[in-house]
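Student: what follows is a predicted structure for the sequence shown.
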Amino acid sequence: MTSSGSPRTARVQRETSESSIDLSLNLDGSGVSDIETTVPFYDHLLTAFAKHSLTDLTVRASGDIQIDVHHTVEDVGIVLGQAIRQALGDKRGISRYGDALVPLDEALAQAVVDISGRPFLVHTGEPAGFEYHLIGGHFTGSMVRHVFEAIAFNAGLTVHVTVLGGRDPHHIAEAEFKAFARAFRQAKSLDPLVTGIPSTKGAL
């Protein structure tokens, strides 16, 4: 809920020749998710995002995965970013900034989020060859960056994600998503000490 009591929810639908997506979210939820993208490892990552960001998230997506998962994965990221932007509204009363350092066994990832209205992504530290690895036999490591790009640019977020360590590609990808989720959770939270929009410009 915003400081005025309005729910921070959104539903976005997207239809192209490559994918069909229906996504709804509640930024003030408890992390409940119901996700079916036809890409199992992506479902796993989005479930982790919802759980650790305390965002209720429902996704139904299908696409031309017989060609590649790329279109479906990226398009879901685009729609998720659009829904986040819509649900945030004028961003009145938010904390705005968030940061998190999250381990998953041997992997360690850091994420910093600024709900700035200025899309930007800095993504570093994934080990050499990670982008070529097939996680679960279908989800290439390169898609992790694509998803963060799609979310950041469509939600209007400044996002820095850094992999500080890791060996297992599954662990690395999941640590990145969990770190992003925790940082976003902090940034989107309503701060009772914030009056109005947290920017000297008066708009975000």
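Tutor: Structure received.
Student: now residue 182, what's its secondary structure?
Tutor: Secondary structure state of residue 182, per DSSP: H, G, I helix; E, B strand; the rest coil, is helix.
Student: verify the stated contact: it with residue 110.
Tutor: No - between residue 182 and residue 110 there is no contact under C-beta atoms under 8 Å: 10.1 Å. Where C-beta positions appear, they are placed from N, C-alpha and C, glycine not excepted.
Student: mind listing the shared neighbours of the two?
Tutor: Common contact partners of residue 182 and residue 110 (C-beta atoms under 8 Å, 6 or more residues apart in numbering): 100, 102.
Student: doesn't residue 101 lie inside a strand?
Tutor: Yes - checked against three-state DSSP, residue 101 lies within a strand.
Student: now it. Nearest residue, chain neighbours left out?
Tutor: Spatial nearest neighbour of residue 101, chain neighbours left out: residue 110 (4.9 Å); criterion: C-beta to C-beta, 6 or more residues apart in numbering.
Student: I'd like the distance from the helix or strand containing that neighbour to the chain centre, please.
Tutor: In this assignment (DSSP states H and E), residue 110 forms part of strand 107-114. The chain centre lies 12 Å from the centre of strand 107-114; the measure is C-alpha atoms, centre = their mean, to the nearest Å.
Student: that one pairs with which strands, parallel or anti?
Tutor: strand 97-104 (antiparallel), strand 158-165 (antiparallel) (DSSP bridges).
Student: turn those into TSV, columns for mean neighbour count, mean pLDDT and distance to residue 42.
Tutor: Below are the strands paired with strand 107-114 laid out as TSV (neighbours: other C-beta atoms under 10 Å; pLDDT from 0 to 100; distance: least, C-beta to C-beta, whole Å):
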stretch	mean neighbour count	mean pLDDT	distance to residue 42
strand 97-104	18	98	17
strand 158-165	19	98	17
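Student: in TSV: those, plus distance to residue 62.
Tutor: Output for the strands paired with strand 107-114, formatted as TSV (distance: least, C-beta to C-beta, whole Å):
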stretch	distance to residue 62
strand 97-104	29
strand 158-165	27
